[in-house]
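1. the following comprises the amino acid sequence and a computationally predicted model.
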Amino acid sequence: MGTDEVVWSGTWVAERLGVELVGDGEGQGPGGLHDLLGLALRRNPKRAHLLVSNVLGKHVPQLPSRVYGAGFALGEDVRKLLGEEAARRAVVLGYAETATGLGHAVADGVGVAPYLHSTRRPVDGVATAGGFEESHSHATSHLLLPEDPALLAGDGPLVLVDDEFSTGNTVLNTIRDLHERYPREWYVIVALVDMRSARDRGRLEEFAQEIGARVDLIAMASGTVRLPADVLAKGQALVARYDDTAAGNAVAAGTDVGAGGAQGARGARLRPADAPPGAAKPTRVELGWPEPVPDGGRHGFGPAHRALLEASLPGMADRIAGALPEDARRVLVLGFEELMYAPLRLATALEKRVDAEVRYSTTTRSPVLAVDDPGYAIRTRIVFPAHDSPADGPGTRYAYNVAGAGFDAVVAVVDSAADTPELHAPDGLLARLAAHTGHVVLAVVPSYIPAPSHIPGVPGIPDAASEQVPQRQEPPMPEPLRGPAFSSYAPDDVGWLLQDLSDVELEAPTEEREEAIQSGGAHYAESLPVEYQPSPQYQQLFKAALETSAARIARAVATVTETVLAERSPRPVLVSLARAGTPVGVLMRRYAQHRHGLDLPHYAVSIVRGRGIDETALRWLAAHHDPADVVFVDGWTGKGAITRELAEALDNFAATTGIGGFDPEIAVLADPGGCVKTYGTREDFLIPSACLNSTVSGLISRTVLRSDLVGPNDFHGAKFYRELADNDVSGHFLDTVAARFDEVADAVEADVKELLSADRAPTWEGWAAVERISEEYGIHDVNLVKPGVGETTRVLLRRVPWKILAKRDAGADLDHVRLLAEQRGVPVEEVDGLPYTCVGLIHPKYTRGATGADGKAVAAK
């Protein structure tokens, strides 16, 4: 299209039709209407002019960061308007086809709300939850097809997102239909621009009063479109004139009709739609799209999906970048009609990972006149046949402002339903693109199709009385839980491969639990201890300990993360052992992001001594990641029981399922027991996250494994203690440690260099010490000996302690242990030659009142 002087891209239409854009109290500079909008003409009997957005990413190739940023910022405004409580109950609804990506970006900005967009693509087996008409569009019927029928049935706010609001009719139609089905008290309308007339704005206010609901409006800019009385007739005449010219030139050129080559006023020339199709075959790139993540919001998209996608984007962008020519300087990521969000997020990720200028736009079914003039918003168009077997039959599709734009490569992103012979045909989209760029890359996102309900008569699901024998299928796997719905951590900090048992009464008094556990009447994972509520004095100890040890923890976090990156995988999948390992996993993820710009996936799984690791979680990990990339993470080692448990469990899992490749080597912050070779330090020091229970671990309980609650295809369970939010220091712990990463950088570099060249083979020194202590103190059960500061703290918080062995002159690392021991009446015995800072002894042969190793003496209290 060449280089032209900067001129508003609505000038051509404004001069010929007398159309004016008038902003509400703002200029036409950055952020003003002329910056956000251009004008074009289209063949439509209802409205001749088209407002062409410069930040939507539909007709005008734009920087993906600007497109996504605009929607995300609007979403943040919505969250501020709603407040946290209402935002969590909200649902965001976007409009097809132009606002599917914008609506999704708004939902991302809200952060805690699920997203759904309307669609013109019916899906067999999915019930329609609503529908409405778009009055000025050339294709009007919108369907709402949520996989979960209850998605729209709540009473929380409904956030409706469109690229522009011109008459408000679309919004009225939507609210009218949905309000009859699912009445609610609050609607929020979101748009890039609000261009309604004063009369139309009044209609919306009247309608809100009529239904008795609150309606708010948020837009980047607002104004009105001033139209002369004869604008429709004049517009249609202009379209007919230039389309006729375009047809003649296109036929003469031997191409499909797109735009002509005649000179228009002001020197405008109308370009042919296509040169002869290029012969270059597109390069197909396998994205590695995360299997449980939908391709968009057609059937619903939740915060958990969002977090999984975020974790996968860098790797997918790297695969796309690897398919691009090394000398590419200008790259277009081209989405497909309603498929706007997935290509947009791929483009934003690619933008960060290549030196080239990346732009983003999408194809469309909307016919618009193309005029190659700097004062016109649609300068070229590529014309090609539909390639997704649309329900309304074959038709023509368009890509605007791509031809002549100087792109060295175009990445076409389609869903698998659109990866058809028509896409690859000589007159198909890929061939048309090849005529205008040196390199075409094809990336296919798997089309998400909800599983039909198990209802008699539904296609694909045999009736109960049917003679059809269903083929064996792998059991469905649950999806990870994420904050803030489950845990106080941010959604991208960790995905919990657990089920939520918050509504189940699982707590039992400590003494009753201990008696049941030691008598063999119950396993420790079948119940939960009552959550310890720290005294003000103990809380102060935690804060002091954190301030004192933050740099030491940061150094250990950085050291173990650098070791993992150097020896295990350049892009590891962190899998922490809930829950002590989870704060460490979050810190490792934050360090990798801070120091290396890596966005590492992180999940938390349950492992239970004597029962093994959660095999459903392992199946989920194997289905979504390469097991060889998985690195198991824990807080510290004691005697190494969990290390041995994990190795045995993974061997059994591989033998019974055939799924191998998981490395049993655990990465830990501290390894005082000498049980692993991947660690941050082997010192036994106070890790403040060990001082507290759920209030430093995202408000999540210990994990639970009980047969009446956890089935063979379920994740293990845990509880989210929302009621303890006022005492939650999880975020404070993470932020305090992460703030020291830069401070310890030099020390970490030296530590890692030394560790990588050292002999770090496990010595199992801790296990030998535990066996010795068990015999010396007449316990004869290594499971009742808990070595190290972290394990000793657990004994005092959760079990019935007998006594504490402390290294002589241990110092401030044991201040909290001494305080807890005093509160529980447990003696602290200082000893020499202890390989740990301290060791906690659980009461042997426990019965209520027992004090000695023989379990017979009675305490005098």
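-> Cool, got the structure.

2. excluding chain neighbours, give the residue nearest to His732 in space.
-> Once flanking residues are discounted, His732 sits nearest to Leu546: 7.9 Å by CB to CB, 6 or more residues apart in numbering. (Each C-beta comes from the backbone N, C-alpha and C, glycine too.)

3. settle this for me: the one you found is touching Thr736, isn't it.
-> Yes. Using CB atoms under 8 Å, Leu546 is in contact with Thr736, at 5.7 Å.

4. quick check, central residue of this protein?
-> The centre of the chain sits closest to Ala307, judged by CA atoms, centre = their mean, with a distance of 1.5 Å.

5. could you say which helix or strand holds it?
-> helix 303-323 (DSSP states H and E).

6. in the top strand by length along the chain, what's buried?
-> The longest strand of the chain (DSSP state E) is strand 214-226. By 16 or more other CB atoms under 10 Å, the buried positions in strand 214-226 come out as 215, 217-225.

7. as CSV, the residues you listed with distance to Val817 and pLDDT would be great.
-> Converted to CSV, these look like this (distance: CB to CB, whole Å; pLDDT from 0 to 100):
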residue, distance to Val817, pLDDT
Val215, 58, 90
Leu217, 58, 92
Ile218, 53, 95
Ala219, 58, 94
Met220, 56, 93
Ala221, 61, 92
Ser222, 62, 90
Gly223, 67, 91
Thr224, 71, 89
Val225, 72, 87
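
8. run the chain-centre distance for the lengthiest helix in the chain.
-> Ordering each helix of the chain by length in residues (DSSP state H) puts helix 536-567 first. How far helix 536-567 lies from its chain's middle: 27 Å, per CA atoms, centre = their mean, to the nearest Å.

9. from now on call the first residue 256
-> That works, and once the first residue is 256, the last one we named lands at helix 791-822.

10. by contact count, what packs against it?
-> Contacts defined by 3 or more CB pairs under 8 Å, 6 or more residues apart in numbering; DSSP states H and E place helix 791-822 against helix 836-851, strand 921-925, strand 933-936, helix 985-993, helix 1000-1011, helix 1070-1079.

11. my read: Leu783 touches Thr958, true?
-> No. Taking contacts as CB under 8 Å, Leu783 lies outside contact range of Thr958: 9.3 Å.

12. the stretch 456-605 of the chain: helices as residue ranges?
-> All helices of the stretch 456-605 of the chain, identified by DSSP state H, counting those that start in this stretch, fall at 486-507, 558-578, 596-606.

13. so which of the ones you listed is the most surrounded?
-> Among those, helix 596-606 has the highest mean neighbour count (mean count of other CB atoms under 10 Å), at a mean of 26.

14. one step back: after the longest helix of the chain comes which helix or strand?
-> On the C-terminal side of helix 791-822, the closest following helix or strand by DSSP H and E is strand 828-832.

15. now that following strand and helix 558-578, what's the angle there?
-> Angle between the axes of strand 828-832 and helix 558-578 is 150 degrees (criterion: axes from the mean of the first three to the mean of the last three CA atoms, to 10 degrees).

16. got the angle for strand 828-832 vs strand 921-925?
-> Here the directions of strand 828-832 and strand 921-925 differ by 60 degrees (the same axes, to 10 degrees).

17. the host helix or strand of Leu876 - what's its average pLDDT?
-> Assessed by DSSP H and E, Leu876 sits inside helix 870-879. Mean pLDDT, helix 870-879: 89.

18. just the C-alpha atoms of it, please, in PDB.
-> Taking Å, rounded to 0.1, in the frame of the first residue of the first chain, the C-alpha atoms of helix 870-879 are listed here in PDB:
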ATOM      1  CA  GLU A 870      -2.500 -41.400  40.100                       C
ATOM      2  CA  THR A 871      -5.400 -39.400  38.600                       C
ATOM      3  CA  ALA A 872      -3.100 -36.400  38.800                       C
ATOM      4  CA  LEU A 873      -0.300 -38.300  37.100                       C
ATOM      5  CA  ARG A 874      -2.600 -39.300  34.300                       C
ATOM      6  CA  TRP A 875      -3.700 -35.600  33.900                       C
ATOM      7  CA  LEU A 876      -0.100 -34.500  33.800                       C
ATOM      8  CA  ALA A 877       0.900 -37.100  31.300                       C
ATOM      9  CA  ALA A 878      -2.100 -36.100  29.100                       C
ATOM     10  CA  HIS A 879      -1.100 -32.400  29.100                       C
END
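
19. flag the shaky bits of the stretch 606-755 of the chain, pLDDT-wise.
-> 706-732 (pLDDT under 70).

20. give the bridge partners for Pro1042, please.
-> Taking DSSP bridges as the rule, Pro1042 bridges to Val1094.

21. report the buried residues of stretch 262-274.
-> Of the residues in stretch 262-274, those buried (16+ other CB under 10 Å) are 263-269, 271-272, 274.

22. so which of the residues you listed are in strands?
-> Those of the buried residues of stretch 262-274 lying in strands (DSSP E): none at all.

23. pLDDT and distance to Asp663 added to these, as a markdown table?
-> Formatted as a markdown table, the buried residues of stretch 262-274 follow (pLDDT from 0 to 100; distance: CB to CB, whole Å):
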| residue | pLDDT | distance to Asp663 |
| --- | --- | --- |
| Trp263 | 92 | 28 |
| Ser264 | 93 | 24 |
| Gly265 | 92 | 29 |
| Thr266 | 94 | 30 |
| Trp267 | 93 | 29 |
| Val268 | 92 | 31 |
| Ala269 | 91 | 34 |
| Arg271 | 89 | 35 |
| Leu272 | 89 | 36 |
| Val274 | 89 | 36 |
